[in-house]
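*Asks:* got a predicted structure plus its sequence, pasted below:
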Amino acid sequence: MISVAVTARRAVLARLMALYRAAIELYPEHRDLFLAMLRLHELENVKLLWRAVMRQSPREEWMEHWRDVESAAGSPALPCPRSTPDSLHDLARFLEHTAYAGLARRVVAEHGGDRAAAELAFDQWGTSMLLRAAHALPAKERLARQLLDSLAASRNAELYGVSDAALSAIIDNVSSAPVPLVIDRALELAPAIDLLLHAEEELRDANRIEEM
């Protein structure tokens, strides 16, 4: 039986994916940025599969945690396998025609069965791709870039165990650039990013509740 917490988390995720679909439709010129944000969710699927392979968990044990990203991406996304791959090398082959092919091969070669190191490598890659997309934005989108820098700082704090006080200082420093007195097109993308980040936080809250 699916728990109330799982049902609630799925509903929150569906709303978030609907927001990403709307953002991609409204801002097609920034599609690469939104895909970089969506890949953070796909990487959770990759990590889920990695753990399943190491534990040899049957599909029914992990399927309810799979994140449906394809509905939002509007392009070929990471497919959900019909069964748990037999080995990490099989999983790397499964990922061969996705955005994670080279990454998966490297993680298998460098970390093998070290789950913590493998997950750290996936998370680091996701953050670096997010920052690359954020800093490819035009100069007029400086406020959106600051929001995304704050997201990256928050992810890194979770990865490396930075204290809440230190994280607040990092984010305050990232967000300290002066805001122009004249509101111009610098605000074009920032409200959409802000909305997505709030929805992302709702999903994190739902995940915490499910894990209780």
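*Replies:* Thanks, I have it.
*Asks:* does Trp66 touch Leu49 like I think?
*Replies:* No: assessed by Cβ atoms under 8 Å, Trp66 is found out of contact with Leu49, at 9.0 Å. To be clear about C-beta, it is placed using only N, CA and C from the backbone, and glycine gets the same treatment.
*Asks:* those two - which one has more neighbours?
*Replies:* Per other Cβ atoms under 10 Å, whichever of Trp66 and Leu49 has more neighbours is Leu49, with 23 against 15.
*Asks:* what's near enough to touch that one?
*Replies:* Leu49 is in contact with Trp62, Pro81, Thr84, Pro85, Leu91, Phe94, counting by Cβ atoms under 8 Å, 6 or more residues apart in numbering.
*Asks:* got it, and Pro58?
*Replies:* Neighbours of Pro58 in contact, by Cβ under 8 Å, 6+ apart: Ser83, Thr84.
*Asks:* give me phi/psi at it?
*Replies:* Main-chain torsions, Pro58, degrees, to the nearest 10: phi -70, psi 160.
*Asks:* can you show me the helices along this structure?
*Replies:* Applying DSSP state H to the chain gives helices spanning 4-26, 31-55, 59-62, 70-73, 88-94, 101-111, 115-134, 142-160, 164-174, 190-211.
*Asks:* the fourth one: which residues count as buried?
*Replies:* Going by neighbour count (16 or more other Cβ atoms under 10 Å), the buried part of helix 70-73 is Glu70, Ala72, Ala73.
*Asks:* what's the spacing between the last one and Pro81?
*Replies:* As judged by Cβ to Cβ, to the nearest Å, Ala73 and Pro81 stand 18 Å apart.
*Asks:* tell me, what residue is most central in this protein?
*Replies:* Nearest to the geometric centre of the chain sits Leu40, at 1.6 Å (Cα atoms, centre = their mean).
*Asks:* hmm, which of the contacts of Leu49 are the buried ones?
*Replies:* With burial judged by 16+ other Cβ under 10 Å, the buried subset of the contacts of Leu49 is Trp62, Pro81, Thr84, Pro85, Leu91, Phe94.
*Asks:* for the residue nearest to the third one when sequence neighbours are not counted, what are its contacts?
*Replies:* If the residues on either side of it in the chain are set aside, Thr84 comes closest to Ala52, at 4.9 Å by Cβ to Cβ, 6 or more residues apart in numbering. Taking Cβ under 8 Å, 6+ apart as the definition of contact, the neighbours of Ala52 are Arg59, Glu61, Trp62, Thr84.
*Asks:* what is the neighbour count of Met129?
*Replies:* Around Met129 there are 19 other residues, counting by other Cβ under 10 Å.
*Asks:* swap that for Leu48, sorry
*Replies:* Counted with other Cβ under 10 Å, the neighbours of Leu48 add up to 17.
*Asks:* tell me who's in contact with Leu103.
*Replies:* Applying Cβ under 8 Å, 6+ apart, we find Leu103 in contact with Ala121, Phe122, Trp125.
*Asks:* my guess is the last one contacts Leu40, does it?
*Replies:* No: Trp125 is beyond contact range of Leu40, at 10.1 Å (criterion: Cβ under 8 Å).
*Asks:* now do the contacts for Leu189.
*Replies:* Tyr27, His30, Leu137, Glu141, Leu143, Ala144.
*Asks:* most neighbours, which of those residues?
*Replies:* Highest neighbour count within those, by other Cβ under 10 Å: Ala144, with 24 neighbours.
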